[in-house]
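> Quick one, fold the following:
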Amino acid sequence: MMKKGAKAAEDNAPETKDGLQVLKLIRPGMTNDFDFIGLKDGQTVASTQLKVALKGVEDTTFVLSVNGKEISESRIGQRSKKEDVHIQVWLYIGLELNPARMYLRQRCLTRSAMSVVHAKITLMAPGAMASVLVEPSTRTPVADGKTPLRVRVRLVDAHGIPVTSRTPITLESTAGKWDVEDLNPKEPGTQTFIEGGEAECKLIPPMEPIDAKIVVSSGNAKQRSPKWPSCRASAADGQLAVVDQT
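So this is what the prediction gives:
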């Protein structure tokens, strides 16, 4: 008996056509409703380079536009269809998007062009990373040597759009120890990666209250810990004070 995971892997395996491997674009149960595949309105994509797949009724013509500019059919890298369910899929490849908000619009035309169906979505395409944003998730960190201080780290471009691609960052602190695997112990600080635009990093505090400086950097972008409210307390309260020392 084939396991469920093995069947899914088989469904996603590349097809071979004319000796070349091509993506299996038409999945079991997929309808021929005219739409984008794998993209949602308001989604932030990982890169300004994009593949776009469109699906609809077979033997119709698709027209894709980005910000009002029609994309040439030379960008269509693959066309697939399944006649028994009257569905076709076109895959556009190598689309170059400008960093910022992008408007994708597709039209579906019948052979006679007497019927036209439209679908449109808005995507956010990040540019180069410009800023590292550091925010506290733990408002009152406790200096007990075990309760982690949770630090939210976000990467954004110059427009404030999340940079979702896998990006290396360096975590530093003058007190406590990061509860994060250090991917390069030979380098100063704790080296790790962020994927998806943000991550929550845990800092194990020292046993005694102390002022600490936290710095998160990536490339030329660096952010020190901001002035966090309610984080300063006396030693009698047994709390770790995290302060801005810019």
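
> How is this structure divided into domains?
Described in terms of automatic domain parsing, the domain architecture of the chain consists of the residue ranges 16-125, 129-242.

> List the contacts of the helix or strand encompassing residue 50.
Secondary-structure element containing residue 50, defined by DSSP states H and E: strand 49-57. Residues outside strand 49-57 that contact it (Cβ atoms under 8 Å, 6 or more residues apart in numbering) are 25-26, 30, 32-39, 62, 64, 77, 86-97, 104, 106, 108, 117, 123, 125. To be clear about C-beta, it is placed using only N, CA and C from the backbone, and glycine gets the same treatment.

> next one: that strand to chain centre, how far?
19 Å (Cα atoms, centre = their mean, to the nearest Å).

> any idea which helix or strand comes after it?
In the C-terminal direction from strand 49-57 (assignment by DSSP H and E), the next one is strand 61-66.

> and after that following strand, which helix or strand comes next?
Beyond strand 61-66 toward the C-terminal end (DSSP H and E), the next one is strand 69-70.

> What helices and strands are in contact with the helix or strand just after that next one?
Next helix or strand after strand 69-70 toward the C-terminus (DSSP H and E): strand 76-82. Contacting strand 76-82 under the criterion 3 or more Cβ pairs under 8 Å, 6 or more residues apart in numbering; DSSP states H and E are the following elements: strand 87-96.

> and with 10 Å instead?
Based on contacts counted as 3 or more Cβ pairs under 10 Å, 6 or more residues apart in numbering; DSSP states H and E, the elements that strand 76-82 packs against are strand 15-17, strand 20-22, strand 49-57, strand 61-66, strand 87-96.

> what's the most buried one of those strands?
Comparing the helices and strands packed on strand 76-82 by mean neighbour count (mean count of other Cβ atoms under 10 Å), strand 49-57 comes out on top with a mean of 20.

> residue contacts, residue 106?
By Cβ atoms under 10 Å, 6 or more residues apart in numbering, the residues touching residue 106 are 34-36, 52, 54-56, 62-65, 71, 90, 92, 117-121.

> ok, back up a step: would you list the helices and strands packed on strand 76-82 in CSV and tack on mean pLDDT?
Formatted as CSV, the entries for those read as follows, by pLDDT from 0 to 100:
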stretch, mean pLDDT
strand 15-17, 47
strand 20-22, 44
strand 49-57, 90
strand 61-66, 92
strand 87-96, 90
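
> ranking the domains of the chain by mean pLDDT, which is last?
Among these, domain 129-242 has the lowest mean pLDDT, at a mean of 80.

> where along this structure do the helices fall?
Along the chain, the stretches classed as helices by DSSP state H are 4-12.

> ok so, going back, and the domains of the chain, which is most packed in?
Most buried of the domains of the chain, by mean neighbour count (mean count of other Cβ under 10 Å): domain 129-242, with a mean of 17.
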